[in-house]
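J.: Here's a sequence, model it:
(chains A and B)
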Amino acid sequence: MKPAHLIHVIGITLLALSAALAAAGAVALAHDEPETVDFFATAIIAFAIGLTSFRRTRLSRDLTIREGYAVVGLAWLAVSVAGALPYLFAGVTTSPAAALFESVSGFTTTGATIFGDVERLPAGILFWRAITQWLGGMGIVLLGVAILPFLGVGGMQLFRAEAPGPTKERLTPRIRQTATSLWYVYAGLTAIQVLLYVVGGMPLFDAVTHAFTTLSTGGFSTRNASLAAFDSPYIQYVTIAFMYLAALNFTLHFRLTRLQFRYHRDAEWRFFTWALAVAVLVILAITYAGRAGGAEETFREALFQVVSITTTTGFVNADYERWVPAGQLLLLFLMFMGGMAGSTAGGMKAMRLRLLLRHGLTELKRSVHPRAVIPARLGDAPVPEPTFLRVQAFGLFYLGLFAAGAFALALAGHDLVTAFGASAAGIGNIGPGLGEVGPMDNYGWMGPGSHLILAFLMLAGRLELFTILLLFHPDLWRRYARPPIMRRARL
Amino acid sequence: MRILIVGAGQVGFHLAERLSKQGQDVVVVDTSPEKTELVGDRLDVLTLVGNGAALPVLEEAGVRRADLFLAVTNRDEVNIIGCLAADRLGVPRKVARISNPEFFTEGSMLSREQLGIDLMINPERECAWETFQLLASEVASELFRFVGGTVFLMGLRVEDGAPVAGHNIAELAELLAERQYTTVAIQRDGATEVPRGDSRIETGDQIFLVGPTSQMEHLPALAGYAPYQLRRVIIAGGSAEAVHLAGFLEDKGVGCTILDNDRERCVALSAALPRALILHGDATDAELLDMEGVGGVDGFVAYTNRDETNLLSCLLASRTGARKVVSLIHRRQYVPIASRLGVDATVSTRLSAANSILRYVHEANVSSVAALRGVNAEAVEIRVGPRARALGRPFRELHFPAGGVVGAIVRDGAFIAPRGDDAVQSGDHVVLFAEPSVMPKLEKLFA
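T.: Predicted structure coming up:
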């Protein structure tokens, strides 16, 4: 573990961030807003720190696995803090904890907001919220890898620590090409969505910001009523389609650009899509039975809400808190699944859920056939034992953190439904929860303690738990593993 | 260039490492998930688990876009079939690692051309050849020749009382004004340095020199060695390498004794090598070694398949008085230790094979490449192109990347030791020495 290596890569990340800040500054300038200064000031700070860190240090060798985890965890902390500065400088909030919450919620593509009335926010701030989600979706460290040529093997360690999902597939011989390809696919899909929005009559600014927050499954909106503000079924259907695409494994999209149609062959894709379809039908059946209103409208509301929550986007077109409790509970369950591995979505990921569920069935079978040899499988392909064990550990950590988060929120004085809903929505990077943080509410009224608890949950969820939890593990920082014999001696 | 490597063993790993660091797109295929995972973790290459002789696997690995196909598994059959498949799928250049030349004996059904193999590499033979060269060149621990033999690159361990010890490079240049050597690297405690004027040479260092072949014989004396003639060699371990080496030695009229602790192997060896003395015994049996006069031999080579045995027997032999000891080392982490223990040179079957392949890979614009054992650097011979950026500009004005150096210039067959005022002309051959990551930058300057 060389501190110079960590500082070097974090410097790169801050440089990428300063470019985004300058972009937000340009938007503010175009709208003739006083916040222009705040953005450029933050951009200069980030640029100065980033450039100094980058120029004063160098990678003397490739990054080790440990350095990869440490650097990604710390880079995300650095970016979150730097990203909170514009909110404070512009004066849209006075609480540092709230500003950090909004920043983390952006970069982790959660979409939970402290603002009750976003329509009163200046355009620069709105654009900043959207672009933080867009950068966080594909991963800001990965962007650094894509832009900068010299992170060979080190790039792979960063990719491993930042990219979502239990298996990290490399698409091309060089990790930099992989990172670049993924970003191209991401940017390409965003451009198509902007085009479709504009064709549907959405103003360009709203089209860009919403495309940013859809493809990243973020969910920040420029309107108080979220997507319901655009009274257009077309726009809602476009949004549904792109939320769904964003929750698929980007490797599959990449294959499509190579004219290989692989979606239907992917076991995780089949599971994810079936789960979505079944959830929509069940919600339709139990919540909308006997309700007045057009069939199309009813169907669209159910579809939109299920897709929005499951893909961990968090856009809203209906107040699902008016549904029967069973429907709300089902949404809470869907929050745990999230999207596919290798997508921009949060949650536990469909692949992990499927592996765990199937493992349960396998153990039942093994009770009857005690000598059966049954590997964990995904589709027909066996999953290597270490991968599966890691998935199990992930599942336990996820539930444990969710429970701990809910407990901490309850300690902070929130009621049961709110605590559970906020914890699930935070760790799953969804955004709207249940109770007092439902689809029509916001997180602005919470105290600084709750904000920090949720910020931690969001970061842990986005970086797949391990990267953040490892920051607190002494072995990550220790030069030598402590010999077990010493521990015993101390007893 | 897209390069497909089948086999992620030591040869494959080494090739993948060198080639990916030079900036090539490398895909590695192996049947073992553990090995591919290791390669994928350590190197910036794409890996694929599967049989490299199977068409679907090769298709998946992108064989149709590959410019070069290297089949280097430890199974000849897989390598042959892989090359055959690659040839049919239109890969322009194919290399196969073949340990059993029996496949291609005269009158055989298969011929190299039919299978589309451009280069066949026999690792054991390459290794034996390298050992032979080291033994024949008196004291060098590494020896490579460039530009048709005009220039050599030699590695030497600096002995006690050597004339070069305790001097820095600038002093040496004055001291040896009439000798035209360039010191291209100093290795100390496992770390390699491309030296500058104030770098000092100490006893025990491993130094790498480039110079004209005509001056080669003076070098060993500089490093503190007395000259000797090769008359008798003991080889411990009757491996395939030993059989090849004995063949080379016998051709030169050098007497050769082979030790092996497996009786049946000894019988087979004595059948294959009628002129060699075959002994049944242990390589680390000090008494036996002493009895067979290891103290008086000119060369001692340890060729067993265990590094530890090799090092120990080399140590015994060198303590008893063998003049030059060479050890086969499989694990490259042991190489710096070997040098510190007093082993004069180490060889590695896999590295020898990989070196030969690398030399072939670079053939297009580069004539010769040498990767050095335990040293993170390589030497490359390049013909200076008509549009090279370095053309006509004195070296001191070029912005040379750190970690790289020009070892020699050869113009019209004559050797020129490069100095700051020299400049290259189109058609010159230069020998460059650099860390692998720096090499592409240097190549750009001159190619």
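J.: how near is the residue in the stretch 201-350 of chain A positioned nearest to chain B to A:Leu252?
T.: Distance from chain B to each residue of the stretch 201-350 of chain A (C-beta to the nearest C-beta) is smallest for A:Arg258, at 10.5 Å. Where C-beta positions appear, they are placed from N, C-alpha and C, glycine not excepted. From A:Arg258 across to A:Leu252, the span is 11 Å (C-beta to C-beta, to the nearest Å).
J.: neighbour-wise, which of these two wins?
T.: The neighbour count for A:Arg258 versus A:Leu252, taken as other C-beta atoms under 10 Å in any protein chain shown, is higher for A:Leu252 (22 against 10).
J.: Pull out the buried residues from stretch B:166-175.
T.: B:His167, B:Ile169, B:Leu172, B:Ala173 (16 or more other C-beta atoms under 10 Å in any protein chain shown).
J.: In helices only, show me those residues.
T.: Cross-referencing the buried residues of stretch B:166-175 with the helices (criterion: DSSP state H) gives B:Ile169, B:Leu172, B:Ala173 as the overlap.
J.: Tell me the pLDDT of the residue of chain B most remote from its centre.
T.: Relative to the mean C-alpha coordinate of chain B, counting by C-alpha atoms, centre = their mean, the farthest residue is B:Pro56 (34.4 Å). Note on B:Pro56: pLDDT of 87.
J.: likewise A:Ala372?
T.: pLDDT, the model's per-residue confidence, is 85 for A:Ala372.
J.: I figured it was touching A:Leu364, is that so?
T.: No: the pair A:Ala372 and A:Leu364 does not pass the contact test of C-beta atoms under 8 Å, sitting 11.2 Å apart.
J.: Now A:Thr94. Nearest residue, chain neighbours left out?
T.: Counting by C-beta to C-beta, 6 or more residues apart in numbering or on different chains, A:Leu88 is the residue found nearest to A:Thr94 once chain neighbours are left out, at 7.6 Å.
J.: Now do the contacts for the one you found.
T.: Neighbour list for A:Leu88: A:Thr94, A:Pro96, A:Ala99 [criterion: C-beta atoms under 8 Å, 6 or more residues apart in numbering or on different chains].
J.: so B:Val405, which of the three states?
T.: Per DSSP: H, G, I helix; E, B strand; the rest coil, the secondary structure class of B:Val405 is strand.
J.: Let me see the contact set for it.
T.: Listed by C-beta under 8 Å, 6+ apart, the contact set of B:Val405 reads B:Thr182, B:Val184, B:Val194, B:Leu432, B:Phe433, B:Ala434.
J.: quick check, nearest of the residues you listed to chain A?
T.: When those are compared for distance to chain A, the smallest value, 15.4 Å, is given by B:Val194; criterion: C-beta to the nearest C-beta.
J.: need the contact list for the closest one.
T.: With C-beta under 8 Å, 6+ apart as the criterion, the residues that contact B:Val194 are B:Val184, B:Ala185, B:Ala377, B:Ala402, B:Gly403, B:Gly404, B:Val405, B:Phe433, B:Ala434, B:Glu435.
J.: same question, A:Ala207
T.: Residues A:Gln193, A:Val194, A:Tyr197, A:Val198 are the ones in contact with A:Ala207 under the rule C-beta under 8 Å, 6+ apart.
J.: For the third one, the count of nearby residues, please.
T.: Look at A:Tyr197: counted by other C-beta under 10 Å, it has 25 neighbours.
J.: again, but for A:Ala408
T.: By the criterion of other C-beta under 10 Å, A:Ala408 has 19 neighbours.
J.: From chain B, how far off is it?
T.: Distance, A:Ala408 to chain B, using C-beta to the nearest C-beta, to the nearest Å: 37 Å.
J.: That residue sits in which helix or strand?
T.: helix A:385-411 (DSSP states H and E).
J.: B:Val325 now?
T.: Element membership of B:Val325 [criterion: DSSP H and E] is strand B:324-328.
J.: Next secondary structure after that strand?
T.: Remark: after strand B:324-328, the chain's next helix or strand is helix B:335-341, criterion DSSP H and E.
J.: Tell me the helices and strands packed up against that next one.
T.: Packed against helix B:335-341, as judged by 3 or more C-beta pairs under 8 Å, 6 or more residues apart in numbering or on different chains; DSSP states H and E, are the following elements: helix B:307-320, strand B:345-347.
J.: which one of these lies closest to chain A?
T.: When those are compared by C-beta to the nearest C-beta, strand B:345-347 sits nearest chain A, at 23.5 Å.
J.: all helices of the stretch 1-150 of chain B, in order?
T.: Assignment of helices within the stretch 1-150 of chain B using DSSP state H, counting those that start in this stretch yields the ranges B:10-21, B:33-42, B:55-60, B:76-88, B:112-115, B:123-136.
J.: Within range of chain A, give me the residues from the stretch 1-150 of chain B.
T.: When proximity is defined by C-beta under 8 Å from any C-beta of the partner chain, the stretch 1-150 of chain B lies next to chain A at B:2, B:20-21, B:25-27, B:33, B:40-47.
J.: Just give me the closest of those to A:His359.
T.: Within the set of those, B:Pro33 lies nearest A:His359; the separation is 20.7 Å, counting by C-beta to C-beta.
J.: Show me what counts as buried in stretch B:242-249.
T.: Residues of stretch B:242-249 classed as buried by neighbour count (16+ other C-beta under 10 Å): B:Ala242, B:Val243, B:His244, B:Leu245, B:Ala246, B:Gly247, B:Phe248, B:Leu249.
J.: List the ones among those residues that fall in helices.
T.: If you go by DSSP H, the buried residues of stretch B:242-249 have B:Ala242, B:Val243, B:His244, B:Leu245, B:Ala246, B:Gly247, B:Phe248, B:Leu249 in helices.
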